[in-house]
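In: with the input below, show me the fold.
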Amino acid sequence: MKNENGAIVIYVSVACLFLVIVGIASFISLSNKQSAQLDQLKQIEDAYDTKTSMEEEYKTYNGGEIIPINTSEQALKIGSNEEIYISGKIYTLGLDNTYIIKNDIKINGDFTKTANIIKNNNILIHGNGNIIEVTTASGQKEYYTEDTNYSEPQTSISE
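Out: Residues are numbered from 1 along each chain as shown. The predicted structure is shown next:
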């Protein structure tokens, strides 16, 4: 047995060295993961730390569930819960949605029902300066603009 003392010391030393190496490798791996997470959090903070308001962000946003309105038919269906096909995608024009008016729209008829839906519900609508021009049955022109949140008609607009 006296002759094996050196072998036992070597065996224990190798086992301890193995545990130390595994511990160091685990520490390095966790440090790298934490560093990557901190970098991602910094990117998220930078993205949210802009000086623009949410409304300004919505005005430039063209994806997700923000519904683009391009035609008079689409404008008249705002808040109706109808499903329509716009630019290759099917949207449900429901309440509590966000809409963006993509261009000036001319409507012959009555817009007051849609304007009241916009006025009385949680519809967020942006126009990027575009106007909805309505010619009523009596021939009078009404203009709905972003200034009035597309819910109140104006009899004239300032250019």
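
In: outline the domain layout of this protein.
Out: 2-48, 54-148 (automatic domain parsing).

In: most packed of the ones you listed?
Out: Highest mean neighbour count among the domains of the chain (mean count of other Cβ atoms under 10 Å): domain 54-148, with a mean of 15. All C-beta spots, glycine's among them, are computed from the backbone N, C-alpha and C.

In: point out where this protein drops to low pLDDT.
Out: Residue ranges of the chain with pLDDT under 70: 1-5, 50-64, 122, 158-159.

In: now do the contacts for Y91.
Out: E65, I67, E83, I84 (Cβ atoms under 8 Å, 6 or more residues apart in numbering).

In: so what's it bridging to?
Out: I84 (DSSP bridges).

In: could you measure from it over to L38?
Out: Here Y91 is placed at a distance of 39 Å from L38 (Cβ to Cβ, to the nearest Å).

In: separation between the closest residue in space to E83 that isn't next to it in sequence and S29?
Out: Closest residue to E83 apart from its sequence neighbours, by Cβ to Cβ, 6 or more residues apart in numbering: T92 at 5.1 Å. Separation of T92 from S29 (Cβ to Cβ): 46 Å.

In: need phi/psi at T135.
Out: For T135, the backbone dihedrals are phi -100, psi 110 (criterion: degrees, to the nearest 10).

In: let me see the ranges of the strands in this structure.
Out: 66-69, 83-86, 89-92, 98-101, 105-108, 124-126, 132-135, 141-144 (DSSP state E).
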